[in-house]
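Visitor: Got a predicted structure here, sequence first:
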Amino acid sequence: MSDDQWREKLTKDEYRVLRQAGTEAPWTGEYVDEKRRGVYRCRACNAELFASDTKFDSQCGWPSFWTPMAGDRVQLIEDRSAGMVRTEVRCANCESHLGHVFYGEGWDNPEDARFCINSISLTLEPESAEG
């Protein structure tokens, strides 16, 4: 999609985060304390990104996951902004900014990883009551 098409599709805040690699303030996102089971999708293109069973409370102020649904669902890109080296996480389908991933912090999960993702970059598709 062109930049103008993204601006039409997304709200001003969604555009700032998803297309301009912004971030939402910590503890303000709708999914920080979310406990429902389901699939987290890219808010820009609806691609399935994270399963709720990989979400954990990292106390960082943003929803945290220990792995994407599959390695090819996200792109990992070196980010040298903000005066540090980090790893940016983007949607592999539409290249929208999702957040950052951090490794080796001693998290008790199989990957020792924290995918720190902006709520505004996601849409939760809750698991149905039947299954």
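Guide: Nice, I can see it.

Visitor: Could you check the pLDDT of the residue most central in space within the chain?
Guide: The centre of the chain sits closest to residue 117, judged by CA atoms, centre = their mean, with a distance of 3.2 Å. At residue 117, the model reports a pLDDT of 98.

Visitor: Would you confirm that it contacts residue 66?
Guide: No: contact between residue 117 and residue 66 fails when scored by CB atoms under 8 Å: they sit 11.6 Å apart. Every C-beta, even on glycine, is put in place using the N, C-alpha and C of the backbone.

Visitor: Now for the nearest residue to residue 97 once chain neighbours are set aside, how many residues are close by?
Guide: Leaving aside its chain neighbours, residue 97 sits nearest to residue 21 (4.2 Å; criterion: CB to CB, 6 or more residues apart in numbering). Other residues lying near residue 21 total 18 when counted by other CB atoms under 10 Å.

Visitor: Count the residues that sit near residue 31.
Guide: 20.

Visitor: where does it fall, helix, sheet strand or coil?
Guide: coil (DSSP: H, G, I helix; E, B strand; the rest coil).

Visitor: Use 54 as the first number from now on
Guide: Noted, 54 is the first residue going forward, which turns the last one into residue 84.

Visitor: Distance of it relative to residue 138?
Guide: Separation of residue 84 from residue 138 (CB to CB, to the nearest Å): 27 Å.

Visitor: One more: residue 181?
Guide: For residue 181 relative to residue 138 (CB to CB), the value is 42 Å.

Visitor: same question, residue 166
Guide: 16 Å.

Visitor: Those two: which is more packed in?
Guide: residue 166 (20 against 9).

Visitor: Who does the more buried one form a beta bridge with?
Guide: Judged by DSSP bridges, the bridge partners of residue 166 are residue 156.
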